[in-house]
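Asks: for reference, the sequence and a predicted model appear below.
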Amino acid sequence: MNPLVWTRRATEDIQSIQQFIAQDSPHYAQLVRQRLIAAVERLPTFPHSGRVVQEFNNPAIRKVIHGSYRIVHRFIHEEIHILTVHHAARLFRLEP
């Protein structure tokens, strides 16, 4: 299995999402956080799963969709790097 590495940006994204939702519901914020993290648990076994991110058209940069969120990852040197967790309603920008 390939190790899963959360980048600083992805970790900050998760924290920001949780803080935003917690303004209305701390319980739901925690639940969303747990579900976003669980959505990528299959990646160590299936590192090439998910769709290619169309903005880059690079087969190494893929996304897992969970609800309204795109969890963007990249398979690099036998590791899966979670690059960002992005709400679909926001403009998407990522330096590959």
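Replies: Thanks, I have it.
Asks: now do Phe56 against Leu43, distance only.
Replies: Phe56 sits 18 Å away from Leu43, going by C-beta to C-beta, to the nearest Å. (C-beta placed from N, C-alpha, C; glycine too.)
Asks: more crowded one of the two?
Replies: The residue with more neighbours, out of Phe56 and Leu43, is Leu43; 23 against 15, by other C-beta atoms under 10 Å.
Asks: quick check, that one in a helix?
Replies: No. Leu43 is assigned coil when assessed by DSSP: H, G, I helix; E, B strand; the rest coil, not a helix.
Asks: that one touches Ser49, doesn't it?
Replies: Yes. Using C-beta atoms under 8 Å, Leu43 is in contact with Ser49, at 6.6 Å.
Asks: hey, what's in contact with both of these two?
Replies: Val64 (C-beta atoms under 8 Å, 6 or more residues apart in numbering).
Asks: bridged to the residue positioned nearest the centre of the chain, which residues?
Replies: The centroid of the chain falls nearest to Ile71 when counting by C-alpha atoms, centre = their mean (2.4 Å). Counting by DSSP bridges, Ile71 is bridged to Val64, Val85.
Asks: how about the one 10 residues further on?
Replies: Residues found in beta-bridge contact with His81 (criterion: DSSP bridges) are Val5, Arg74.
Asks: show me the contacts for it.
Replies: His81 touches 5, 7, 73-75, counting by C-beta under 8 Å, 6+ apart.
Asks: where along the protein do the strands fall?
Replies: For the chain, the strands defined by DSSP state E cover 4-6, 51-52, 61-66, 69-76, 79-87.
Asks: how about TSV for those strands, with distance to Asp24 and mean pLDDT added?
Replies: What follows is the strands of the chain, written out as TSV (distance: least, C-beta to C-beta, whole Å; pLDDT from 0 to 100):
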stretch	distance to Asp24	mean pLDDT
strand 4-6	25	95
strand 51-52	30	92
strand 61-66	19	94
strand 69-76	17	93
strand 79-87	15	93
